[in-house]
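Asker: return atomic coordinates for the entry below.
(one chain, ligands or ions: 1)
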Amino acid sequence: MDVSDLYPLGLRVRGRLVVVVGGGPVAGRRVRGLLDAGAQVRVVAPGLTDHLAALVADGAVEHRAREYAPGDLDGAWLVHTATGVPAVDAAVADAADAARTFCVVASDAAAATAWVPAVTELPEEQVTVAVHAGRDPRRAVRLRDGIAAALEAGELPLRRFRPSDGSRDDGGPSPGRVALVGGGPGAPGLVTGRGRRLLARADVVVVDRLGPRSLLTTLADDVEVVDVGKTSGNHPVPQERINELLVEHALAGRDVVRLKGGDPYVFGRGGEELAACRAAGIDVEVVPGVTSAVSVPAAVGIPVTHRGVAAGFSVLTAHEAVAHVPGGADHTLVLLMGVTRLARTAEVLVTAGRPASTPVAVVEDGYGPRQRATFGTLGDIAGRAAAAGVQPPAVTVVGDVVRLAAGWASHSADGQAVSRP
Ligand code: SAH
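Answerer: This next block holds a predicted model:
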């Protein structure tokens, strides 16, 4: 096939007869696709693959259990021939041509009057991409895969355009959807593909200070960005107002992404946002994210569990509650927020029975430009952090796993705070 002969088109085959000549794997794939699109399918072949035989047994397709014979194409809107026998395929193609019916020929693209593209579909988004690449079907498949990956990753603009009254072209007015997207600790590569995709089609993005803010530059100019940026100890937009914002925008028919740092459900108040949206009858999806509790320690080489060193971990905020967590050197504590309360937290932990010599790391701005790890022990970390001028956001790790950090050895050698590993 030469692409200059090609007229790309989508066919509505629902309820219309399509004849497939051949009963092998290629015919089977075609039948599957045709059934998915609602076609009425007749298969002509003496033998069938198990898959096709099962479809026949289910009554999903009509089967003429013999070689192709003239008349088999009667009533067809479209024909596929994939018998594996060039002479038979040619005869089918000739008969289809005589009947002015388009025909796909598996064995000889040049003899065909229709060609099957490599296809990727996002039914939820109502998007179908079909790729033809001349005489090189494998190139079409690779291109299709590349496009599918970009679509999945949210790198292509999937956003719907709809009238300003909020009505959709696929129905009457309807509320938008809300997605609570866990954005990971801040690096743009650490957000999930699902998160990227939802971001790519959002009308409104409600963001915090933490999370992958650099992704905001990828948004179209007319996407509204609402910054509810929380700084430590300072909540410019109260949670109730954030909940209202999500609901208001969705009720106005906009698709909203609530882009959150880390995971929405780890000290992220995602549950409250979910409940507020549900109470207003809005469709909500929660997309998990890479939590800073695990990833920020990892950024400086600290695994929160490690065979023979730590058998479990607890994630807490740096409040008095730390006293009630399992003790033991083999249980890692990960403390979010509260670097300003570090002295008090360390004291509480020692009072609760942890040795003052327990290793501690405070990791600031994980994956960000200011990433830095400061090491010490429960006994001296508060003083070291103060001396180093540690700033939020930071994750504090307590336990023997801290010794595995890239910077630990040099810390113990010279007693200094250690920068980037
Ligand atoms: N839902 C988030 C946590 C929100 S609480 C998550 O799962 O990661 C906010 C706290 O997360 C901060 O005070 C800090 O302790 C931690 N944090 C988030 N991102 C961070 C980063 N890039 N570097 C260091 N700490 C971070």
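Asker: hmm, what's the outermost residue in this structure?
Answerer: residue 70 (50.1 Å; CA atoms, centre = their mean).
Asker: ok, that one - contacts?
Answerer: residue 95 (CB atoms under 8 Å, 6 or more residues apart in numbering). Glycine gets a C-beta too; all of them are placed from N, C-alpha and C.
Asker: now do the SS call for it.
Answerer: coil (DSSP: H, G, I helix; E, B strand; the rest coil).
Asker: quick one: neighbours of the nearest residue to residue 320 once chain neighbours are set aside, just the number.
Answerer: Nearest residue to residue 320 in three dimensions, chain neighbours excluded: residue 348, at 5.9 Å (CB to CB, 6 or more residues apart in numbering). Residues contacting residue 348 under the criterion other CB atoms under 10 Å number 19.
Asker: where's residue 348 relative to the ligand, distance?
Answerer: From residue 348 across to the ligand, the span is 17 Å (CB to the nearest ligand atom, to the nearest Å).
Asker: which helix or strand contains that residue?
Answerer: Element membership for residue 348 (DSSP states H and E) is helix 342-351.
Asker: now residue 55
Answerer: Using DSSP H and E, residue 55 sits in helix 50-57.
Asker: mind listing what's buried along that helix?
Answerer: 52, 55, 56 (16 or more other CB atoms under 10 Å).
Asker: for it, the averaged confidence score.
Answerer: For helix 50-57, mean pLDDT is 96.
Asker: pairing partners for whichever helix or strand comes after that helix, with directions?
Answerer: Following helix 50-57 in sequence order, the next helix or strand is strand 62-64 (DSSP H and E). Using DSSP bridges, strand 62-64 pairs in its sheet with strand 40-44 (parallel).
Asker: model confidence over the partner strand, on average?
Answerer: The average pLDDT within strand 40-44 is 98.
Asker: what sits up against that strand?
Answerer: 15-23, 27, 31, 34-35, 52, 56, 60-64, 66-69, 72, 76.
Asker: which of those residues are buried? Put it as a PyMOL command.
Answerer: Selection of the buried residues among the contacts of strand 40-44 in PyMOL, burial being defined by 16+ other CB under 10 Å:
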select buried, resi 16+17+18+19+20+21+22+23+27+31+34+35+52+56+61+63+64+68+72+76
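Asker: quick check: residues of the stretch 251-400 of the chain near the ligand?
Answerer: 261-263, 266-268, 291-293, 296, 336-337, 363, 365-368, 392-395 (CB under 6 Å from any ligand atom).
Asker: from the residues you listed, which land in helices?
Answerer: Under the assignment DSSP state H, those contribute 292, 293, 296 to helices.
Asker: hey, what's the residue of the chain found nearest the ligand bridged with?
Answerer: Per CB to the nearest ligand atom, residue 262 is where the chain lies closest to the ligand, at 1.8 Å. For residue 262, the beta-bridge partners are residue 184 (DSSP bridges).
Asker: burial count for residue 219?
Answerer: Counted with other CB under 10 Å, residue 219 comes out at 17.
Asker: just checking, it touches residue 225?
Answerer: Yes. Counting by CB atoms under 8 Å, residue 225 is a contact partner of residue 219 at 6.9 Å.
Asker: quick one: common contacting residues for these two?
Answerer: What both residue 219 and residue 225 touch, as defined by CB under 8 Å, 6+ apart, is the set residue 205.
Asker: now do the helix holding residue 348: distance to the chain's middle.
Answerer: 39 Å (CA atoms, centre = their mean, to the nearest Å).
Asker: buried residues, it. List them.
Answerer: 342, 345, 346, 348, 349, 350.
Asker: what is the nearest of those to residue 143?
Answerer: residue 342 (53.4 Å; CB to CB).
Asker: ok, for the closest one, nearest residue in space, not its chain neighbours?
Answerer: residue 382 (4.9 Å).
Asker: that neighbour is in what secondary structure piece?
Answerer: helix 381-388.
Asker: what does that helix contact?
Answerer: Here helix 381-388 makes contact (CB under 8 Å, 6+ apart) with 339, 342, 343, 346, 360, 362, 372, 374, 375, 376, 396, 417.
Asker: buried ones among the residues you listed?
Answerer: Looks like these have 339, 342, 346, 360, 362, 372, 374, 375, 376, 396, 417 buried, using 16+ other CB under 10 Å.
Asker: in contact with the second one: list those residues for me.
Answerer: Counting by CB under 8 Å, 6+ apart, residue 342 makes contact with 318, 362, 381, 382, 385, 390, 396.
Asker: any idea of the pLDDT on the first one?
Answerer: Spelled out, it's residue 318. Looking at residue 318, the pLDDT reads 75.
Asker: which one is it nearest to, not counting chain neighbours?
Answerer: residue 338 (3.1 Å).
Asker: correct me, but the one you found touches residue 316?
Answerer: No. The pair residue 338 and residue 316 fails to qualify as a contact (CB under 8 Å) at a distance of 9.4 Å.
Asker: so where's the stretch 251-400 of the chain uncertain?
Answerer: For the stretch 251-400 of the chain, no stretch is flagged by pLDDT under 70.
Asker: scratch that, the stretch 101-250 of the chain is what I was asking about
Answerer: By pLDDT under 70, the weakly predicted segments of the stretch 101-250 of the chain are 161-173, 230-235.
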